[in-house]
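J.: coords please:
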Amino acid sequence: MKPGKTGIPRIIDAFGYSIKGLKAAWANESAFRQELVLAIVLIPLALWLGEGAVQKALLIFSVMFVLVVELLNCSVEAAVDRIGDEIHELSGYAKDAGSAAVFVSLCNMCLVWVLILASKF
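T.: Numbering: from 1, shown residues only. Okay, the predicted model is just below:
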């Protein structure tokens, strides 16, 4: 077993690390800031536009998924940048794949919103 805190103290520490990560992403990543502002607008809109719990959940999840993927992309970029400044094919691939993941999550969000809104009108 990995040494360290367990139980409630571990959960409290993990929560603190999560808040620290959100603050770092806000401070250092303009894409995260833009997507978070978009989420702040779209999530209440999802609650208003969604018909029933399933539609509301799909609309909200598609927005939250973009934030999750962006945070993972930020972590990949930070790890690659930590390794060094030299140009390397694998570093470029890691960053490009992270960017592609964000793009796919944004496409998914748009598709979910278009399909649900189209069914309303």
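J.: Show me which parts of stretch 7-24 are buried, residue by residue.
T.: For stretch 7-24, a neighbour-count test (16 or more other Cβ atoms under 10 Å) marks nothing as buried. Using the backbone N, CA and C atoms, a C-beta is placed for each residue, glycine as well.
J.: hang on, I meant stretch 103-113
T.: For stretch 103-113, the buried set under the neighbour-count rule, 16+ other Cβ under 10 Å, comprises Ser105, Leu106, Met109, Val112, Trp113.
J.: now these in a markdown table, with secondary structure?
T.: Listed next are those as a markdown table, based on DSSP: H, G, I helix; E, B strand; the rest coil:
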| residue | secondary structure |
| --- | --- |
| Ser105 | helix |
| Leu106 | helix |
| Met109 | helix |
| Val112 | helix |
| Trp113 | helix |
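J.: Would you mind putting those residues into JSON lines with distance to Ile40 and pLDDT alongside?
T.: Shown next, in JSON lines, are those (distance: Cβ to Cβ, whole Å; pLDDT from 0 to 100):
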{"residue": "Ser105", "distance to Ile40": "17", "pLDDT": "98"}
{"residue": "Leu106", "distance to Ile40": "16", "pLDDT": "98"}
{"residue": "Met109", "distance to Ile40": "14", "pLDDT": "98"}
{"residue": "Val112", "distance to Ile40": "18", "pLDDT": "98"}
{"residue": "Trp113", "distance to Ile40": "16", "pLDDT": "98"}
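J.: Just name the closest of those residues to Ala39, please.
T.: Set against Ala39, the nearest of the buried residues of stretch 103-113 by Cβ to Cβ is Met109 (9.8 Å).
J.: so Ile11 is in which element?
T.: Per DSSP states H and E, Ile11 falls inside helix 7-28.
J.: tell me what that helix is packed against?
T.: helix 30-49, helix 52-83 (3 or more Cβ pairs under 8 Å, 6 or more residues apart in numbering; DSSP states H and E).
J.: Burial check on Leu71, number of neighbours?
T.: Neighbours of Leu71 under the rule other Cβ atoms under 10 Å: 19.
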